[in-house]
Structure formats: structure tokens, C-alpha cells
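Trainee: Okay, predicted coordinates and the sequence, questions at the end:
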Amino acid sequence: MDRITLPPGEPIPMTTRRTRWQQAGQSGNFGKRFAELIAAGEDVDGEARLADTLLRRGARVLDAGAGMGRVTAALLRQGHDVVAIEPDEALVRQARETYPGLPIEERDILGLRPDDGPFDLVVCVGNVLIFLAEGTERRALGAMRDVLGENGRILVGFHLQDPPPHARNYTPAEFEADLTAAGLRVDLRAGTYQLHPANDAYGVWILSRA
Ligand SMILES: C[S@@+](CC[C@H](N)C(=O)[O-])C[C@H]1O[C@@H](n2cnc3c(N)ncnc32)[C@H](O)[C@@H]1O
């Protein structure tokens, strides 16, 4: 269902806008692909390894837009205190089936409240930022900033070229304008989760409060 019925002239509340992910209707394919990769013993922990290097032991982490829970599961194995949020009901179900006991809530980044924090790290990887609902990027970045603890950071990563169907094209200049407007600053930009140099294909950023 694509339409939200509201009285004429009523602005659509930001939190009820459909995300680009919902418009793509890809959660089944995405979930299946990761289930197959995990069953085949493939490495799906690259993002979590970088996240872990940024953290003291036993840190508090939010996995924002956690999908089927692979990053959360890897960080839990490293002994961190992790909470996952994911608005796609099918992926939440898959996460609970794949990783019994995984702490995942069916929630949207836009619904975060400051008292959900403080977190040492918010992980927002795997194209989450290019699948947000249109026009909600600054609010989402601000909501993640507001749950950071002192010296807390945000790890972000998304495709800069050839984004998946229905994902937006988000240039580094647009992204950096939005994060600045949201009260964040860039601590580091790289091109991969192994910290290769920044490139035009993929963007990895480490952010903190401005
Ligand atoms: C390609 S999946 C990546 C999932 C996971 N981060 C990973 O790397 O495995 C993109 C995810 O962004 C999520 N997403 C999009 N908009 C969101 C929002 N406003 N709040 C939370 N998650 C959102 C989608 O529901 C989807 O699970």
C-alpha cells in the first residue's frame, strides 16, 4: 500500500512517510541473500569489525536500521551491549529467527528519543541512509546525534555510485551539508570498512557531535 489517507491539505507527518526501502519492497530478497551468505559461511562481519575497533570493551551500541541483525549479532559476540532497531517487520522476524534472543525492536530512527541513549556508537551501515524516507535525512542524523554519549560516534556507510533500485543518489557534498546541519562533524572519511582511501564508489564516515 503506497498511499496514506489524510484529510485534504493535512501535511504528511514525517514519521509516517514511506521509506525508500519500503517502496523498494526488497526486504525478502535482501533477507534471503544474507541468509544464503551466512549458510555458506561467507564473511558478513566487515562493518562490525570496523565498529569494534572504535569501541572500548563492553561498550553501548545502537544498530540503526539493523536489517536481519548480522551487525548486531557480531558486536554482541565481541561482548558489547547492543540494541538493534529496524522498522521492516519481515527483517525483524528474520533477525529473531536467525539469532534467537537478539535484542531488536521494530522501530524507526525517526522515533528515537534522547533518553534511548547514551550510546558510545551508533552503527548506520549498509545503505540505510540512502533508503530513508525522502527528505528525512537531517532529522534522522539529528536523532542519532541526540542519542550519543560523551565522545560518542556514528559509523555510516553507503553506496555513492550505482545505488540499489529505489535508493537515492546521495553525494558526499549533500551528505556533509546534511550532517553539518544536524550538528555533526566528520572525524574520518574512507572508501571501505577496511579504511581504504575515500573514493567515488562507496562512502564510509565516522561522525561525532560538532
Ligand atoms: C540494505 S538494508 C541494510 C540493513 C543492515 N544495516 C545491514 O547492513 O545488514 C537497509 C535498511 O535500512 C532500513 N531503514 C530505512 N529507513 C529507515 C529508518 N527511517 N529507520 C530505520 N531503518 C531504516 C531498512 O528498513 C533496511 O533494513
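Mentor: That came in fine, so what should we check first?
Trainee: contacts, neighbours, all on C-alpha from now
Mentor: Will do.
Trainee: show me where this protein has strands.
Mentor: For the chain, the strands defined by DSSP state E cover 60-64, 81-85, 104-105, 119-124, 148-159, 184-190, 202-209.
Trainee: Would you mind listing what in the chain touches the ligand?
Mentor: 19, 21, 64-67, 70, 86-88, 108-110, 125-128, 131-132 (C-alpha under 6 Å from any ligand atom).
Trainee: if we go to 8 Å?
Mentor: Proximity of the chain to the ligand, by C-alpha under 8 Å from any ligand atom, involves residues 15, 19-22, 27, 30, 34, 47, 63-71, 85-88, 91, 107-110, 123-133, 136, 140.
Trainee: Please pick the buried ones from those.
Mentor: 19-22, 27, 34, 47, 63-71, 85-88, 91, 107-110, 123-133, 136, 140 (16 or more other C-alpha atoms under 10 Å).
Trainee: before we move on, the earlier item: in a markdown table: the strands of the chain, plus distance to residue 51 and mean pLDDT.
Mentor: Shown next, in a markdown table, are the strands of the chain (distance: least, C-alpha to C-alpha, whole Å; pLDDT from 0 to 100):
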| stretch | distance to residue 51 | mean pLDDT |
| --- | --- | --- |
| strand 60-64 | 9 | 98 |
| strand 81-85 | 12 | 98 |
| strand 104-105 | 18 | 98 |
| strand 119-124 | 7 | 98 |
| strand 148-159 | 7 | 98 |
| strand 184-190 | 13 | 98 |
| strand 202-209 | 10 | 98 |
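Trainee: The most centrally placed residue in the chain pairs with what?
Mentor: By C-alpha atoms, centre = their mean, the mean C-alpha position of the chain lies nearest to residue 124, the distance being 2.7 Å. On the basis of DSSP bridges, residue 124 is bridged to residue 156.
Trainee: Was I right to think it contacts residue 153?
Mentor: No - assessed by C-alpha atoms under 8 Å, residue 124 is found out of contact with residue 153, at 10.8 Å.
Trainee: Okay, residue 46 and residue 182: tell me how far apart.
Mentor: Distance, residue 46 to residue 182, by C-alpha to C-alpha, to the nearest Å: 27 Å.
Trainee: neighbour count winner among the two?
Mentor: residue 182 (21 against 13; other C-alpha atoms under 10 Å).
Trainee: Next, find the distance separating the more buried one from residue 112.
Mentor: From residue 182 to residue 112 the distance is 15 Å (C-alpha to C-alpha).
Trainee: and if you look at residue 162?
Mentor: 30 Å.
Trainee: quick one: which of those two has more around it?
Mentor: residue 112 (18 against 11).
Trainee: Name the nearest residue to the more buried one, ignoring sequence neighbours.
Mentor: residue 143 (6.0 Å; C-alpha to C-alpha, 6 or more residues apart in numbering).
Trainee: Understood, closing this out.
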